[in-house]
Every structure is written in structure tokens, then in C-alpha cells.
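Novice: Just need the structure, nothing else, for what follows:
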Amino acid sequence: MTDRCETRPPAFGAVVKDVERNKFGEFRAVECGRFYLRPVGGGREWDAPASDVRQATYAETKRVCAASSERGRT
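Specialist: The predicted structure follows:
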């Protein structure tokens, strides 16, 4: 079993990791084999090939969301 998002896109808003850029983001859309992602907590959207994106683990999601929440308080 693979956790790459090759066959089905993740759910809208799911936290994913762009492994090529080593960045986490929220899944927004898919078009022509590219996933459109937005930084957790807001920011400029970017796109990545679906083969470079995987679902974030529970621990990664928790950490990324906590960090985003902390940034929002400062």
C-alpha cells in the first residue's frame, strides 16, 4: 500500500505534504494531474504534480495545525 495520492485526490481541505518542496498544505483542487495546495492557515496557493504529494500523517497534521494556530496568535 502506498500513501502517495496517485489514484484518488485527497478530500478538500485535507492536510498533505508536497515531498519535493518539503512543505505541508491543504488540498484545494486537482487539474490535469496537478494538485493545488494552500498553506495551512492561509497564504499563497501553489501547485504540484500529484505524484509529489502524499497524505500527511496524523502526527504531522497535528503539528502543522498547531504551528499555524501559534502563528495566528502572534
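Novice: make it CA atoms for all contacts and neighbour counts henceforth
Specialist: Noted.
Novice: which strands and helices sit next to the longest strand along the chain?
Specialist: The strand that spans the most residues within the chain, counting by DSSP state E, is strand 23-31. When contacts are defined as 3 or more C-alpha pairs under 8 Å, 6 or more residues apart in numbering; DSSP states H and E, strand 23-31 packs onto strand 15-18, strand 34-38.
Novice: Please indicate which of those has the most neighbours on average?
Specialist: strand 15-18 (a mean of 24; mean count of other C-alpha atoms under 10 Å).
Novice: That strand pairs with which strands?
Specialist: Using DSSP bridges, strand 15-18 pairs in its sheet with strand 23-31 (antiparallel), strand 53-55 (antiparallel).
Novice: CA-only coordinates of that strand in CSV, if you can.
Specialist: Extracted C-alpha coordinates of strand 15-18, given in CSV (Å, rounded to 0.1, in the frame of the first residue of the first chain):
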residue,chain,number,x,y,z
VAL,A,15,-3.5,18.3,5.1
VAL,A,16,-1.0,16.9,2.6
LYS,A,17,2.8,17.1,2.1
ASP,A,18,4.5,18.2,-1.1
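Novice: mean confidence for it?
Specialist: Averaging pLDDT along strand 15-18 yields 98.
Novice: which other residues reach that strand?
Specialist: The contact list for strand 15-18 (C-alpha atoms under 8 Å, 6 or more residues apart in numbering) reads 23-27, 40, 48, 52-56, 61.
Novice: How much space separates residue 24 from residue 34?
Specialist: Counting by C-alpha to C-alpha, to the nearest Å, the gap from residue 24 to residue 34 is 15 Å.
Novice: To clarify, my last question referred to residue 18.
Specialist: Residue 18 is 11 Å from residue 34, by C-alpha to C-alpha.
Novice: Between the two, which contacts overlap?
Specialist: Here residue 18 and residue 34 have residue 48 as joint contacts, going by C-alpha under 8 Å, 6+ apart.
Novice: quick one: which helix or strand includes residue 43?
Specialist: Residue 43 is part of no helix or strand when elements are defined by DSSP states H and E.
Novice: residue contacts, residue 32?
Specialist: Per C-alpha under 8 Å, 6+ apart, neighbours of residue 32: none.
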